[in-house]
Structures are given as structure tokens and as C-alpha cells.
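> Next one to model:
(4 chains)
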2 protein chains.
Amino acid sequence: MRRAKTTAAKTAIPKSRRRRAPVAVPKPYHHGDLRRVLIDAALQLVGESGPDAVSVREAARRAGVSPGAPFRHFASRDALMQAVAEEAQRRFRAEIDAALSEAPAGDPLARFRALGMAYLRWAMRNPTHFEIISSRRFFDHDNAEGLSADNAELIELTGRTLAEAFALGQLRAVDLKAVQIAGRALVYGFARMNIDGHFPRWGVDGTEAERTAAAIIDLFIEGIAKQG
Amino acid sequence: MRRAKTTAAKTAIPKSRRRRAPVAVPKPYHHGDLRRVLIDAALQLVGESGPDAVSVREAARRAGVSPGAPFRHFASRDALMQAVAEEAQRRFRAEIDAALSEAPAGDPLARFRALGMAYLRWAMRNPTHFEIISSRRFFDHDNAEGLSADNAELIELTGRTLAEAFALGQLRAVDLKAVQIAGRALVYGFARMNIDGHFPRWGVDGTEAERTAAAIIDLFIEGIAKQG
DNA sequence: CAATCTGTGTAATCGGTGATTACATTCACA
DNA sequence: TGTGAATGTAATCACCGATTACACAGATTG
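Below is the predicted model of the structure:
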């Protein structure tokens, strides 16, 4: 397992004054809200260097706490990662919901498009956080209650939107399940290409990535829409 | 993945008679082709438990060699992973080329479809090996000569095929670059969904995965083809 | 107010890992 | 035949996740 290093500069407080702390409150024995601080530190690490750079020890270091302390709050590294993923997922959902609330209520296909756009916009701007909620390898998604529920909800939402579009005669295709999976594969694949560093070899640089994202979503929608 | 064997029971042979091994060939000091054996061991590990399960020590264990020995052949774990990826890529290309050689020469769109099908068939059947050649995280792709060249070649091939299809009036869309990237995102996304364990929550099980793959490729091609 | 209980942090330690170094052994070739 | 380049071994290092015994602090209760 590749991890980060850092080595962190060793505060080195003399053990002599442990009993009374006479001057300059040198940091209380009990941390205010270590759990929250650890999650924030891990979120920051994910943002800086990706999920693989997260180590329990480094999070503890950044929280100014001993290497064993985090295990009072998280049974394992995976449990910490899961908490991080849940926070990231919360933000992701907020973006989706915001975009959806601005989309025209009576045009399901436009809403479907807005869904895809919001999905990719967040994924492109937060690739490392997107990775942690999408990849199976950081923790057991089956034990992640909220995460699974949220995902199912999103799948249900896109399915319903697509069904409404079909009912309104906006779609040419009939196999809606295939359309839905294809749509998901398209956006997920695009987001993954970004994460996995494929864009340079496709001549797509950062500035045009979001524009390209819009282009492929529109291409896809033209492909499934009536008289595209 | 604990405790294979090794440790060798110390034997405690006096150094005096090391030169002649009188009975029962005690295993030669020099391995036949350690480099090759290490790659094979790592390939096997990747196939069994995924790229993350590969450790230099475990590969050494399986090769019956000391933990430091592999470093004579690979400067780092990443270098070993790169060698593994190159072997996997070779097999992947073989599958693509075979499929292409069976596709109708005069029908570029059909060839494009065959390309996508071969891509997904191999990816679905060798998910862990596919992952190692696709993900940036196991080694530095920039230093992987053959890999990059191979990828560029494949991109060039699909681009050319698409251009031929357009020249023959098989395509409705005009932005071929967007079509190409969308196509890649589609198949890569589908392969990634499989790797990342998304299919269970989409109600797609192993037996129908390849069928679904065919369905979304056909859906995509209908979307870009003239009078789909 | 004092005793105690419970939660939370520390220190020490374990086994696994990648990596480096000094040394041992072989093999190929001059 | 001897010698040097290849290649394997042994010992060691730092870092990691994880566990355990212990220290401390805050709340509860007599």
C-alpha cells in the first residue's frame, strides 16, 4: 500500500509538567471534537493527494494527537474512509439537488440532462472526493448505510426522469434500462478518465474538460431523443 | 495471504560443504529467470485478489526467493507493476487485433462496433488486469514507453475508423472527436462500473453483464448512425 | 465535597511492507 | 584458471494499521 510520509516535526513536550500545566495552556488532554477534526484532516488529505495518501497516522498528526487516538473514534482506517466518503457524498448530493431545483419541471429530458451535467461538473471539480465515493476499494460499501441508500435514490431518480421523458414522447429508444445504464456509464467513464489521468493522451486539457463533458452529454441525448 | 512457507527451517549446514550438495538438489543459488517468474507471480496475484494485493515480498515468497531479491530486477514495486501492466496490455491488444481481423473490412461502423465489443469483452473477463493498465495509480504511465505508444495507437485506430465511417456516410454526427471520446467514456465507464462493484446495485449480475455491454454499445451506435 | 465511573488520549508494541546496504555465491569469459 | 559482473541473502530502517495496558479528565452520584 502506497502511503504518504511527511514526518511531522516532533513537538517534543517535556514530560515533567504533565500534572499541573502552570502556564500557557499547552493543549488540553482531551481534544474538543477529535472525530470531526480527523474527518476534516482526512478530507483535506484526499483533496491534496488522493485517497491513497490518507493514513490514520497522518490524520492523527494533523490533529496533533497520538497515533492510537483515532482508533477511539474509528475502528479501522476503512471506517475513517467511510466517514470521509459520507461527507463527500453529502456535498455531491447537494450539488445534484441544487441543479435539479433549477431545471424546468415540465421537461424531463432537460432534467435528465441537468442531472448529467451536475454529476460531471462536481466530479470534474472534485475528482479525489468523487473517487472515494465511487470506488469500492476504500471500505465496504455494503456496510455504508447512507451511501447505499443515497445511491439507490439517485438511480431511482434518473430512472423515473427517463420514464417521464418517454411518456411525453421525448425519447426514440424504448429500452429505458439500457439507456439509463449507458448514460451512467458515459458520465462515470468520463469522470473516471479524468481521475485516472487519461485526458492528456486524448489531447483534452483541464480548461476544456467541462466543455467536452457538456458536448458528450448533448451527443448522448441527441442520440436517444426523438428526431435528434 | 499469510504465511506461505519459506523460513526454510534454518538447515544449519556447516559452510564447509556447500560446494557440492551430495544429495537431493537443494535448490540452486541462482534462479533460472527470476524476473519472468516474479512477473508471473504478480500477474497471478492481480488475477486472484486485484492489484492492491500485490506485494514485492509475496511475489518473492511465491518465487521461493528472499525479500530483497526482486529489487535486483525491479527498482521498485511500481516497476514490477509496470512490467505486469505491459504483459496485460499485450494480451489486451491481442484480443482487440483478433476481433478486428474478423470484422468486415469494408464496413467501418461495424469495425468500430467490433472494437468496442472486444474492448468490453476483455475488460469484463479480466477486470483486475484491465484495472492495472487503466489506472494511473500503480506506476507512472509517463515512463511506460510501450504502454503509452500502444494506447496512442488504439486511439488513432478508433479515430481513423470513425473517420472512414463518416466518409462513407454512415454517421449522422459531425463532431467526430466528441463521438470518439463519448464512445471511449462509455466503454471505459462500463468496464469501471464492473471493477468498482457498481453492477449489483444496478441489478446487473455477472451472467448478463456481457449482454448488457452489447446492448449499450448498440444503443450508442444507433445514436450516431444515419437514420438509426 | 469526595469517590468513582466512563470516555478519551498516550505509550509501547506487534507484524507487514517497501527499500537500502553489506556480504555471499555463481557463472561467463578472458 | 582466475577474476569480475550478476544475482541472491541477511540485516536493517522507516512507515503503516492495529492492539493493549495505562493515564488523565469530566460527569455522576453518594
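> quick one: low-confidence parts of chain A?
Flagging of chain A using pLDDT under 70 yields the residue ranges A:1-30, A:228.
> any chance you could map the helices in it?
Secondary structure of chain A (DSSP state H): helices at A:34-49, A:56-63, A:77-102, A:108-125, A:127-134, A:145-167, A:176-195, A:206-224.
> The first one versus helix A:56-63: what angle between them?
This points to helix A:34-49. For helix A:34-49 against helix A:56-63, the angle by axes from the mean of the first three to the mean of the last three CA atoms, to 10 degrees is 110 degrees.
> And the third one, by the same measure?
Note on geometry: by the same axes, to 10 degrees, helix A:77-102 and helix A:56-63 are set 70 degrees apart in direction.
> for helix A:77-102, which positions count as buried?
For helix A:77-102, the neighbour count (16 or more other CB atoms under 10 Å in any protein chain shown) marks A:77, A:79-89, A:92-93, A:95-96, A:99 as buried. (Glycine included, C-beta is placed from N, CA and C.)
> swap in stretch A:58-76?
A:58, A:59, A:60, A:61, A:62, A:63, A:65, A:69, A:70, A:73, A:74.
> Can you lay out the residues you listed as TSV showing distance to residue B:187?
What follows is the buried residues of stretch A:58-76, written out as TSV (distance: CB to CB, whole Å):
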residue	distance to residue B:187
A:58	37
A:59	37
A:60	42
A:61	42
A:62	40
A:63	43
A:65	46
A:69	45
A:70	40
A:73	41
A:74	37
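> from the residues you listed, which are also near DNA strand D?
Among the buried residues of stretch A:58-76, proximity to DNA strand D is found for residue A:58 (CB under 7 Å from any atom of the strand).
> Can you spell out the domain ranges of chain A, please?
A:34-72, A:84-224 (automatic domain parsing).
> of all those domains, which lies closest to residue B:173?
Residue B:173 sits nearest to domain A:84-224 of all the domains of chain A, at 6.5 Å, using CB to CB.
> And for residue A:110, nearest residue in space, chain neighbours not counted?
The shortest distance from residue A:110 to any non-neighbouring residue, by CB to CB, 6 or more residues apart in numbering or on different chains, is to residue A:104 (5.2 Å).
> Next, count neighbours for that neighbour.
Burial measure for residue A:104: 10 neighbouring residues, criterion other CB atoms under 10 Å in any protein chain shown.
> The one 5 residues further on too?
With neighbours defined by other CB under 10 Å, the count for residue A:109 comes to 20.
> pretty sure it is touching residue A:172, no?
No - counting by CB atoms under 8 Å, residue A:109 stays clear of residue A:172, with 11.0 Å between them.
> can you list residues touching both of these two?
Here residue A:109 and residue A:172 have residue A:225 as joint contacts, going by CB atoms under 8 Å, 6 or more residues apart in numbering or on different chains.
> so can I have JSON lines of the helices of chain A showing distance to residue B:216?
Below are those laid out as JSON lines (distance: least, CB to CB, whole Å):
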{"stretch": "helix A:34-49", "distance to residue B:216": "31"}
{"stretch": "helix A:56-63", "distance to residue B:216": "40"}
{"stretch": "helix A:77-102", "distance to residue B:216": "22"}
{"stretch": "helix A:108-125", "distance to residue B:216": "15"}
{"stretch": "helix A:127-134", "distance to residue B:216": "19"}
{"stretch": "helix A:145-167", "distance to residue B:216": "14"}
{"stretch": "helix A:176-195", "distance to residue B:216": "4"}
{"stretch": "helix A:206-224", "distance to residue B:216": "11"}
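> right, so of those helices, which gets closest to DNA strand C?
Minimum separation from DNA strand C across the helices of chain A (CB to the nearest atom of the strand) falls at helix A:34-49, 3.6 Å.
> Quick check: buried residues in that closest one?
A:34, A:37, A:38, A:39, A:40, A:41, A:42, A:43, A:45, A:46.
> Are there helices or strands packed against that helix, and which ones?
When contacts are defined as 3 or more CB pairs under 8 Å, 6 or more residues apart in numbering or on different chains; DSSP states H and E, helix A:34-49 packs onto helix A:56-63, helix A:77-102, helix A:127-134.
> between the buried residues of helix A:34-49, which is nearest chain B?
residue A:46 (13.6 Å; CB to the nearest CB).
> Number of residues surrounding residue A:135?
There are 20 residues near residue A:135, going by other CB under 10 Å.
> how far away is it from chain B?
Distance of residue A:135 to chain B, given as CB to the nearest CB, to the nearest Å: 5 Å.
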